[in-house]
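**Q** What follows is a predicted structure for the sequence shown.
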Amino acid sequence: MLKTRSIGLNIAGVPLLNNISISCPKGTVTALMGPNGAGKTSLLRVISGEYKASQGTVDINGRGANDWARPEIAKFMAVLPQSSTLDFAFTAEEVVALSRTPHNTGLSRDLEIISSALSMVDASYLADRSFVKLSGGEKQRVHLARVLAQIWEHCENQSSDGGILLLDEPSASFDLAHQIMLIEIVQKISTAGVTVIMVMHDLNLAAKCADQLVFMNSGECTAMGTVPELLTSEMIRKVYSVNAEVGLHPVDGTPLIII
């Protein structure tokens with residue numbers, strides 16, 4: 001589904017990424033993790049096409065990312081950045097509607113998708129409210145609905161290309177209930193075949209939803225593997241310089257980090 005091959009990135013002479021190669025199969029969830037400044041967001045921006053790699057390639061569905069026309073790729077790949085500035089007094093519904101621009105599915109179908117996406121993120125009650133007057137967490141849920149609506153056909157049904165969703169710290173402004181909601185959404189759409197790549201800081205949240213982890217530091221990939229392989233006391237100490245105990249969650253058996 002998505003591969004990066006020896007990605008390097010230099011901006012204004014500053015090296016941000018060095019020789020990053022990862023593989024994200026269709027329908028999997030990959031969590032990019034590591035300390036601040038590790039290069040996680042930079043890698044996501046290279047994958048999305050916002051940044052052009054100084055070296056290496058990004059392959060999407062067996063084709064180089066540069067071989068895709070932007071309107072074409074926008075139909076199956078959506079990006080949720082850390083923050084999105086929007087100062088116009090659009091309603092939440094109108095913000096989500098922006099995501100349907102690449103599609104030609106008609107107003108009636110688009111309205112159905114917009115309504116379903118808002119419902120999925122527990123934001124139906126915000127539909128007619130001014131976006132600029134919402135709280136930070138409410139704005140983030142509306143933006144999450146927007147990117148889901150952009151690739152809704154892939155979230156809803158199995159498709160040949162599966163769809164790709166890139167999320168940069170999506171849970172940063174969510175309360176506990178909506179962090180759980182995010183995990184459930186990611187699990188649901190990945191089951192439908194969407195490939196999810198997301199930057200995360202919460203190790204316990206990543207343990208619950210990720211199929212694989214990519215630890216980064218100083219612009220390099222320091223480790224890549226499954227949750228049980230990488231969420232160990234030794235790895236946490238190596239990556240974060242923090243002493244932590246790792247047990248098992250009493251309900252689902254996933255690793256549980258205790259600090």
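**A** Received it, and whenever you're ready, just let me know what you need. Numbering: from 1, shown residues only.
**Q** And the residue most central in space within the chain, how far from His103?
**A** Central residue of the chain (Cα atoms, centre = their mean): Leu167, 2.1 Å from the mean position. Applying Cβ to Cβ, to the nearest Å, the value for Leu167 to His103 is 21 Å. To be clear about C-beta, it is placed using only N, CA and C from the backbone, and glycine gets the same treatment.
**Q** how many other residues sit next to Arg5?
**A** 16 (other Cβ atoms under 10 Å).
**Q** Report the contact partners of it.
**A** Ser21, Gly56, Thr57, Val58, Asp59 (Cβ atoms under 8 Å, 6 or more residues apart in numbering).
**Q** When you filter those down to buried only, what's left?
**A** Gly56, Val58 (16 or more other Cβ atoms under 10 Å).
**Q** among the contacts of Arg5, which are in helices?
**A** Residues of the contacts of Arg5 located in helices (DSSP state H): none.
**Q** Of the contacts of Arg5, just say which sits nearest to Glu93.
**A** Val58 (33.1 Å; Cβ to Cβ).
**Q** pLDDT and distance to Glu138 for the contacts of Arg5 - can I get that in CSV?
**A** Below are those laid out as CSV (pLDDT from 0 to 100; distance: Cβ to Cβ, whole Å):
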residue, pLDDT, distance to Glu138
Ser21, 96, 38
Gly56, 96, 38
Thr57, 94, 38
Val58, 95, 33
Asp59, 94, 37
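**Q** What are the phi and psi values at the residue nearest to the centre of the chain?
**A** Leu167 has phi and psi values of phi -130, psi 130 when expressed as degrees, to the nearest 10.
**Q** again with Ile7
**A** phi -70, psi 130.
**Q** Please tell me how far it sits from Ile259.
**A** In terms of Cβ to Cβ, Ile7 sits 32 Å off from Ile259.
**Q** can you check Asp87 too?
**A** Asp87 is 39 Å from Ile259, by Cβ to Cβ.
**Q** same check, this time on Arg63
**A** With Cβ to Cβ as the criterion, Arg63 and Ile259 are 43 Å apart.
**Q** what are the C-alpha coordinates of the host helix or strand of Leu182, in CSV please?
**A** Using DSSP states H and E, Leu182 maps to helix 176-191. Extracted in CSV, the C-alpha atoms of helix 176-191 (Å, rounded to 0.1, in the frame of the first residue of the first chain):
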residue,chain,number,x,y,z
LEU,A,176,-10.6,10.5,27.6
ALA,A,177,-13.9,9.6,26.0
HIS,A,178,-12.9,10.9,22.6
GLN,A,179,-9.4,9.3,22.8
ILE,A,180,-11.3,6.0,23.1
MET,A,181,-13.5,7.1,20.2
LEU,A,182,-10.5,7.8,18.1
ILE,A,183,-9.1,4.3,18.8
GLU,A,184,-12.4,2.7,17.8
ILE,A,185,-12.6,4.7,14.6
VAL,A,186,-9.0,3.8,13.6
GLN,A,187,-9.7,0.1,14.3
LYS,A,188,-13.0,0.2,12.3
ILE,A,189,-11.6,1.9,9.2
SER,A,190,-8.4,-0.2,9.1
THR,A,191,-10.6,-3.3,9.2
